[in-house]
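# show me how the following folds:
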Amino acid sequence: MAVNDDGEFGRRQFLNSAGSVAAASVAASASLLGRDYTHDDRSWELSPGSILDVGDLRVGHFTDVRRPTGCTVILFDQGGAVASVDVRGSAPGTRETDLLNPVNTVQKVNAILLSGGSAFGLDAATGVMRYVEEKGQGYRLGPLVVPIVPAAILFDLNIGDAKIRPNADAGYAACQNASHQSIEQGNVGAGAGATVGKLFGLKCAMKSGIGTASLRVGGSGLIVGAIVAVNAVGDVSHYESGKLLAGARTQDGSRLRNSMREILEGSSQSAEERPGANTTIGVVTTNADLTKTELAKVARMAHDGLARTINPVHTAADGDTIFAAATGSMNVRSDISVIGSVAAEAVARAINNAVLAATGIPGYPACRDLPRV
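Numbering: from 1, shown residues only. Here you go, the predicted model:
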């Protein structure tokens, strides 16, 4: 599925420079990025599949269009899923991640929440707990059940009214919207207010979103899927070609500027940068039968997908967090290195889908809005 190439819309709505972008500007952009772009380049196509392909789970979004912001829930209805987590960013916002340590007692989670709204957005997990409790699911303590719902948040309070953020009702609504049939990508759920390319200030940033992808390993029956909300301080490149898709723009807003190249050339970071005002969060799942210890390794390897597509990544201003979960429906022990490697690939593709599926909002164009050269 190719991304809409309506460059005129993007130029009219979002570019800060007056008039159309001249051919000379396009040529300068190609030179700046150091890439040989072609019009039939597959870098602009969405990767296929979704986390739903793993099976035994549902995904639901709640999107508050007033700001925008939102949250996304992954529900494991068939008795939960074994899970772990790896937190790499220096400014994380999380809930119930300590219990995912392999040495701790609880083995399974009932749901995982990704949310906007910074620390305020963690409240959405309360609504997910309410929904799961109503279904009679959770960690059993005699006649009681306590739903296990780890969560991670990203900072999107700089988009619109910061007083509007996901709450318990938003988390409950995301559960009500959950489906095992399809997942919308782009400006929805936890990706509704996501942006990228903020190393030189918000005026140079671009719109991002949430994306998902999946991979099957030969004829083994092994499936690995990922869903990622991309709110990185860095730029996003194509996982395979290395071409920049979205990130910091030039002062006139017409072109990508390549943040890493400018760092190497000595450009200083903007004073607008704030620790924790970014963050990429996601979930990888597999139908393999894995332990918490093995999933801790999968989550760690899955972060390589961020390193392949986001630059710079895992900065002091990011709270990057990846959960890993296994439904065990395949009921076969699989090579952990294979699963971790495939998880990283799925994460990289999901990150690309997040920016490719995004649509621009005032002040923040999406990659489809800038001219393709």
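# for Ala326, give me its contacts.
The neighbours of Ala326, taking CB atoms under 8 Å, 6 or more residues apart in numbering as the test, are 81-83, 285-290, 294-295. Every residue, glycine included, has its C-beta placed from N, CA and C.
# cool, and Gln181?
Residues in contact with Gln181 (CB under 8 Å, 6+ apart) are Leu52.
# could you do Thr293 as well?
Taking CB under 8 Å, 6+ apart as the definition of contact, the neighbours of Thr293 are 84, 102.
# thinking again about what came up before, filter the contacts of Ala326 down to the ones in helices?
294-295 (DSSP state H).
# among the contacts of Ala326, which ones are in strands?
With strands identified by DSSP state E, the entries of these that belong to them are 81-83, 285-286.
# any chance of those in CSV, plus pLDDT, neighbour count and distance to Thr279?
Shown next, in CSV, are those (pLDDT from 0 to 100; neighbours: other CB atoms under 10 Å; distance: CB to CB, whole Å):
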residue, pLDDT, neighbour count, distance to Thr279
Ala81, 98, 30, 23
Val82, 98, 22, 25
Ala83, 98, 30, 19
Thr285, 98, 32, 20
Thr286, 97, 31, 24
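# low-scoring stretches of the stretch 251-373 of the chain, by residue?
The stretch 251-373 of the chain contains residues with pLDDT under 70 at 268-276, 373.
# what's the helix or strand for Thr63?
Counting by DSSP states H and E, the element that carries Thr63 is strand 58-64.
# show me where the stretch 1-150 of the chain has strands.
With DSSP state E, counting those that start in this stretch as the criterion, the stretch 1-150 of the chain has strands at 58-64, 69-75, 81-87, 94-95, 108-109, 111-115, 139-141, 144-146.
# with the stretch 151-300 of the chain instead?
Secondary structure of the stretch 151-300 of the chain (DSSP E, counting those that start in this stretch): strands located at 151-153, 195-196, 206-207, 210-217, 222-230, 235-237, 244-246, 280-286.
# just name the most buried of these.
Mean neighbour counts were compared across those using mean count of other CB atoms under 10 Å; the top stretch is strand 280-286, at a mean of 33.
# how far off strand 58-64 does that strand point, in degrees?
160 degrees (axes from the mean of the first three to the mean of the last three CA atoms, to 10 degrees).
# sorry, back to before: need the contacts of Ala326 in CSV with distance to Lys198, can you?
Conversion of the contacts of Ala326 to CSV gives the following (distance: CB to CB, whole Å):
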residue, distance to Lys198
Ala81, 33
Val82, 35
Ala83, 30
Thr285, 29
Thr286, 32
Asn287, 36
Ala288, 36
Asp289, 40
Leu290, 35
Glu294, 35
Leu295, 31
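# related to what we said a few turns ago, go through the strands of the stretch 151-300 of the chain and name the closest to Ser47.
Distances from Ser47 to each of the strands of the stretch 151-300 of the chain were compared by CB to CB, and the smallest falls on strand 210-217, at 4.5 Å.
# any idea how far the closest one is from the chain center?
Relative to its chain's centre, strand 210-217 lies at 12 Å (CA atoms, centre = their mean, to the nearest Å).
# what are the ranges of the helices in the protein?
Counting by DSSP H, the chain forms helices over residues 7-13, 23-33, 124-134, 168-176, 259-264, 292-302, 304-309, 336-357, given from the N-terminal end onward.
# elements contacting the fourth one?
So that's helix 168-176. Helix 168-176 makes packing contacts with strand 58-64, strand 69-75, strand 111-115, helix 124-134 when contacts are defined by 3 or more CB pairs under 8 Å, 6 or more residues apart in numbering; DSSP states H and E.
# rebuild the ones you listed as CSV, extending it with distance to Gly186 and mean neighbour count.
Listed next are the helices and strands packed on helix 168-176 as CSV, based on distance: least, CB to CB, whole Å; neighbours: other CB atoms under 10 Å:
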stretch, distance to Gly186, mean neighbour count
strand 58-64, 10, 23
strand 69-75, 11, 32
strand 111-115, 15, 32
helix 124-134, 20, 23
